[in-house]
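Visitor: Got a sequence here, can you build the structure:
(chains A and B)
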Amino acid sequence: MQAAKDPAVQEHHALVGDRQDLPVIAPGHTLSSITDKITSIVLRRDTPLAWAASLAFASTGLFFLAISVAWLLAKGTGVWGINNEVGWGFAIINFVWWIGIGHAGTLISAILLLLNQQWRTSINRAAEAMTLFAVACAGMFPLLHVGRPWLAFWLFPIPNTMGVWPQFRSPLLWDVFAVSTYATVSALFWFTGLIPDLATLRDQAKHIWAKRAFGMLALGWRGAAQHWERYEVAYLILAGLSTPLVVSVHTVVSFDFAVSIVPGWHATILPPYFVAGAIYSGFAMVLTLMIPLRSVYGLKDFITDRHLNNMAKVMLATGLIVAYGYVMEAFYAWYSGAPYELAMINNRMFGDAWKSYWALILFNVLIPQLLWFRNVRLSPVMLFVISIVVNIGMWLERYVIVVTSLERDFMPSAWADYYPTKWDVMLYVGTVGFFFFAFFLFIRFLPVIAVFEMRTLVPARDPSAKKGVGATSSSTKEGAHP
Amino acid sequence: MSDVSSPAAHSHAHEGEAHASLAGSSRALWKSLDQIAPETNAAVVRDYAERQHPSLLAPLSDPFARRDVLRLLGASVALAGFSACTRQPDEKILPYGKSPEALVPGKPLYYATTMPWASGAIGLLVESHMGRPTKIEGNDKHPSSLGATDCFSQASVLQMYDPDRSTTATRAGRIATWGDFLTDLTGQLAAQTGKQGAGLRILSGTVVSPTLAARLQAVLAAHPSAKWIQYEPIHRDQARAGALAAFGEDVVARPDLAAAKVVVALEADFIGGGPSSVASTKAFSKARRARKAKPTTNRLYAAESSMSLSGAMADHFVAVRPSELLAVAAALAKAVGAPFGGDVGAPSAKAAAWVSAAAADLAAHKGECVVIAGDAASADVHALVHALNAALGNVGKTVSYFPPVAPVSIDQTTALRELVADMQNGLVEMLVMLGVNPVYDAPADLEFKAALDKVAWRSHLGLYQDETAERCLWHVNETHYLEAWGDARGADGTVALTQPLIAPLYGGKSQLELANALLGKGGVTGYEAVREHWTATLGADGFEAKWRLALHDGVIAGTAFAPTNVTLRSIAVSGSTAGGMELVIRADDSAFDGRFANNSWLQELPRPLSKLVWDNAALIGLATATRLGVKNGDVVELVLGKTTVRAPVWVLPGQAEECVAVQLGYGRTRAGSVGNGIGFDAYPLRTASGQWSASGLEVKKTGDTYHLVSAQMHNSMEGRDLVRVRESGHLEGHGAHGHTEHPTVWTPYEYNGNAWALVIDLGSCTGCNACSIACQAENNIPVVGKDQVANTREMHWIRLDRYFEGDDFDTARVRFQPVPCMHCENAPCEVVCPVGATVHGSEGLNEMVYNRCVGTRYCLNNCPYKVRRFNFLLYQDFVTESVKLQRNPDVTVRSRGVMEKCTYCIQRISQARIQAAREGNRPIGDGEIVTACQSVCPADAIVFGDKNDPKSAVSAWRAEPHHYGILEDVNTKPRTTYLAKVENTGADHKG
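Guide: This next block holds a predicted model:
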């Protein structure tokens, strides 16, 4: 970065900057500078005060989580605002929201990998971690929201002497399979991708315990050619497995609603619109995390404006699909002519639920249109604000779908309102706390950017690159960059 | 009142003395010896110890020995803790050495008994499980029940198990015994004997028990100058006065509602108001029932100041101010040519239109119509109604006159007024109160409470340590009617025996036993007294057989009244419509006059029209509310004379303009843990002269609000096809409403055996809520409390939806719809349950498997009828011992985290199935299974049975032209279906 006129850097520009004018890695980096910069966060740099403060703040959320879960288990789901007309509330909203957020990580790691998108390299590790923690948060809700959580294992097809099986027609059961598969594959994918870097950390670590810990986690990785070969096969297989999950998980989640008969839930547009919404919110969350991360840890060289720009474009595209979904929901209701559907959309737009509906349109459809402007896409501050807006908007979307549909359904005599209680809010805040707590630990103790993958982005001419270290499916030979 | 005054009667006399001498008063409370005996007063302590604990005296004086004592004390206290670790004593479960007759463990027995009620007792069959009464059913042999019951009788079983009931006799607030009471009573009576009982007064409610009445009259015979006063807040003084004015004798007009084609009800609620309405509802619904064979119904006109259930049923309803009712009755009389004297002015234009329609209809149906007036109607209105019926030729056809139900019928208000005057004047030396609570419910202007304090010896027999018990020297805990022997008259005069279903839970004495005590026969049991009375009445010849038959059937044959022949006198009425605002006072649909205030089933039962729970409210029409600038939940001050009562407002259709209607029975201070402090007390507004209404009311807005909870948030049907309405004679209705079969790719279920179905006739349904509370009693449904209902978490398996229809709020038509589980063929709940906890049964029931339910609530969301109920918290009371006894052992008691809903009383289906299987695998007969909601229904609006059986009643109902299912367009194919509401407004009779 200090020598912009360096011919090597210019060539690098030409290579990796491809059709963009923005690089995916700042010029001037060598293999060792990359390794050093990333591993130093874990091994050598002082723990930043901001990190400690953030972790402390996040642990407050964790504390809320513990209290609200304890109270919930002691008293029952009645501590929440749900009732006999609105059976699902914050728990399901939050479940869908968190699951949706996870999708960006999988999309970045798997689909962009298969599509040979270089720019994914520096963000995939953190995005995958985000997926994992988001899925963990999401997974808590279905478990906790049932009346008798201690019996929730009945949802799994566990052979038993009574010969009682789950009821396979229920979308909730499909959910169990979809989410547990998703959690498993995401964890494996993330961990597999970490192994070479864990070995690097093991080799770089000075402290005996750090050496041992990373050594154990590295599973004996020596960087042998055979290791690399097997690693690449395994990684590709996992990427292949993850790819359909990006589409299937949220499709199945949307079935929870689409398969029911509740006006406002029962719509065929839901699966694609949920998937798009998931990616939309996921990218919003990646931006929410990455923008502060790269500036606090000085990682702007690796997470460049190019990344921000591309992620903003993905958001814009998926946001438009989501907007199409909103239009279609209203269209279906009108076109069906069914009184219940019409009443539902009328209630959302002009009835008692108008505030949340129009807030959702503002947050998810109108404000993100700013992303059409390149200046906005390149402004980290603007992007950060928009990403937060979209996160809120996507939460509101689930609120509107889950709650307002149930509040006004078939029998006017059974119409009711839903008001969350402090325990609803506290559990939500608790999972947010858990998410950030886990994420901060991840930042501190594991490499937030895939070191060996970043090294493949360094020009091939660099002699150190010929040691055959970094490799991804797209670039086993460094010189083979398009 | 201190113990010192009657040392002899006290079993611990010297202790009482010591307390008295130490603290000066037996009432003083002390925490330690130091407090009553400061160190300077050590001699007193010594003295006390000397008499109380002589064995401690020696060690106390010896310092060394005293330490030993303390050491021992300390050790025993410490060791006492270990006793918790010891084995619990063995409890033996013993089989009956000699099994009681007919008792088969697991099979309930039914006993006939009677629930006393002022306007006529109701005969019941009480289900008993191993000696525990669990559920009330109607006695079809009893003319006041005919197999059905009402909300109050259903809830009365819970009242018996109420843990807040008085469990012991008390004297001046301290525990005492019946023996102590008898001793004291005997002494007091002995003092009265010399004075002919001049200082003795007995105050009871309306006594409908012949035995009790006879005993009390015997007391009066023994003490000629004593007086027996009957007073109940809900009395028939005005009806009595009206009958006296019209006929010169006290008679009760009993309409034959089954025969009348046109019914005009003036402030008369023959549907609500308690057990005595069951028979009239039955009769009315007979004439109301519209079927293919007889597609027409009767027609009901109602004029009321605050809409009752009868008003809600009316084809033509008009809201009239209480003071206007007389003008309405007079206009009716004028129009049909019933003679009367006096001028009372003309009714308002709105009421006049109603009158002309009603009068024309009456004139067209002479001899087959009837005019009735309720307790709240004035004596003049009653007299006019008698004249009307006479002029219309209804007497002997649709209305007959009978003696009053109470053997001794008096003007209760006058009697109470005299009693209070005597008390004020110090003429009353001993007052014996039997099951009444006048401190709470006597007319406010009589100031009973102040007068009571002037009576030296006052005793109270009651179920609760209530407001009156608190101010009495003696309180004796009363037995519940399910625990005691007795008898009671029904509305038609039929006497039935009250037999106990269980030994008194807390000892306790019945009113009859206390009356015996007044006769100096304190040892005579209720059983002996009743037998004695009826042996004398029926004759000793073959008495045992008659007695057994009476106990078995629940009625004493041949005791019904014969009609009385009456001659109408000339009638003169006077009065005029008052200006300004008026107050309307009514008994509450749940608390009644306050006696059921502590009954949580009733408190949580949504009031039929307002759907409010756990509260009463100042009901007000929209026009008046708009003028006053108040809305639901605004607290207003109701000022009447010098009295001010704060009440929250609830705006409701069917209220007369410039009127505020309040309900009695709330704002109690000593009702118990459930009834204390809920609602507002309307009794302060109730004066002796204005017991049902009053003019000159002032309503002031306070700016405060109060959280009233209504179980139904939305009152409009939103144009959805939920309650269908047909006009009498045209059951098909307009437009095709046939059953559309939607195409399906699935193979439908096949039902080779029974296929259960339930049909509800909305034309008969009165919205009285009895089904809801019967279901609660049968199916162990918990009560959740006001806060939970506020968040729509009530648990009723069958709810009464109430919609208002019409453009004008104040004159909107009321539509009731009971909604239990629909047991859909295509049940949306079944497919979405991930664990298979709700499944389709082989007979078409949608079954809940409680112990499989994990509580995802997906079924609830996907139920379009929203009939599923979730145990969000631990609603079921697993702690209170007495309440556990009420539970139906055939129904699972659900705990937290589980979904529940209507099962079509599957336990009753199973019982019938087992019975049929035992009897040679015969098919289950039609009518053999009766669901709880069906059996309680006084309107016969519910039928249950096998729809596969073409001859079953349910099949017949399902074949009716006005039969339909709700939300059939969703293709749920409900098993629970409805018959459309059939009205008889008559296009040319619009009122």
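Visitor: Could you check how far whichever residue of the stretch 501-650 of chain B sits closest to chain A is from B:L158?
Guide: Ranking the residues of the stretch 501-650 of chain B by distance to chain A (CB to the nearest CB) places B:K611 first, at 9.3 Å. Heads up, the C-betas are built off the backbone N, CA and C, glycines and all. B:K611 sits at a distance of 21 Å from B:L158 (criterion: CB to CB, to the nearest Å).
Visitor: re the thing from before, what residues are up against the residue of the stretch 501-650 of chain B closest to chain A?
Guide: Contact partners of B:K611, counting by CB atoms under 8 Å, 6 or more residues apart in numbering or on different chains, are B:S710, B:A711, B:Q712, B:R802.
Visitor: Show me which parts of stretch B:555-563 are buried, residue by residue.
Guide: Of all the residues in stretch B:555-563, those buried under the rule 16 or more other CB atoms under 10 Å in any protein chain shown are B:V555, B:I556, B:T559, B:F561.
Visitor: out of everything not next to it in sequence, what's closest to the third one?
Guide: Right, the one you point to is B:T559. Leaving aside its chain neighbours, B:T559 sits nearest to B:V495 (4.2 Å; criterion: CB to CB, 6 or more residues apart in numbering or on different chains).
Visitor: Pull the contacting residues for whatever residue of chain A ends up closest to chain B.
Guide: Closest approach between chain A and chain B, counting by CB to the nearest CB: A:G147, at 1.9 Å. By CB under 8 Å, 6+ apart, A:G147 lies in contact with A:76-77, B:853-857, B:870-872, B:896-899.
Visitor: what about chain A, any weak spots by pLDDT?
Guide: When residues are selected by pLDDT under 70, those of chain A lie in A:1-22, A:459-482.
Visitor: Show me the helices in the stretch 151-300 of chain A, by range?
Guide: Under the criterion DSSP state H, counting those that start in this stretch, the stretch 151-300 of chain A contains helices at A:171-204, A:208-217, A:225-258, A:270-296.
Visitor: and among those, the most buried is which?
Guide: Among those, helix A:270-296 has the highest mean neighbour count (mean count of other CB atoms under 10 Å in any protein chain shown), at a mean of 24.
Visitor: Between helix A:225-258 and that helix, find me the angle.
Guide: On the basis of axes from the mean of the first three to the mean of the last three CA atoms, to 10 degrees, helix A:270-296 is oriented at 130 degrees to helix A:225-258.
Visitor: For helix A:270-296, which helices and strands make contact with it?
Guide: If contacts are counted by 3 or more CB pairs under 8 Å, 6 or more residues apart in numbering or on different chains; DSSP states H and E, helix A:270-296 sits against helix A:90-106, helix A:124-145, helix A:225-258, helix A:305-336, helix A:380-399.
Visitor: what angle sits between it and helix A:380-399?
Guide: Using the same axes, to 10 degrees: helix A:270-296 against helix A:380-399 is 150 degrees.
Visitor: still on that earlier bit, would you check which of the contacts of B:K611 are in contact with chain A?
Guide: Near chain A, taking CB under 8 Å from any CB of the partner chain as the test, the members of those found are B:Q712, B:R802.
Visitor: how close does B:A148 get to B:L762?
Guide: Applying CB to CB to B:A148 and B:L762 gives a distance of 18 Å.
Visitor: Might you report the residue contacts of residue 301?
Guide: You didn't pick a chain, so chain A it is. Residues in contact with A:D301 (CB under 8 Å, 6+ apart) are A:M1, A:I25, A:A26, A:H29, A:K37.
Visitor: please go with chain B instead
Guide: So B:Y301 contacts B:262-265, B:314-317, B:354, B:357-358, B:361, B:991 (CB under 8 Å, 6+ apart).
Visitor: And the next helix or strand past the helix or strand where it lies?
Guide: In the assignment (DSSP states H and E), B:Y301 maps to strand B:299-304. Heading C-terminal from strand B:299-304, the first helix or strand you meet, by DSSP H and E, is helix B:309-313.
Visitor: which secondary structure elements does that following helix contact?
Guide: strand B:299-304.
Visitor: then the strand it packs on to PDB, C-alphas only?
Guide: The C-alpha atoms that make up strand B:299-304 are tabulated as PDB, following Å, rounded to 0.1, in the frame of the first residue of the first chain:
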ATOM      1  CA  ARG B 299     -93.000 -14.000  18.600                       C
ATOM      2  CA  LEU B 300     -91.500 -12.100  21.500                       C
ATOM      3  CA  TYR B 301     -91.800  -8.500  22.300                       C
ATOM      4  CA  ALA B 302     -89.700  -7.100  25.100                       C
ATOM      5  CA  ALA B 303     -89.500  -3.700  26.700                       C
ATOM      6  CA  GLU B 304     -86.700  -3.300  29.100                       C
END
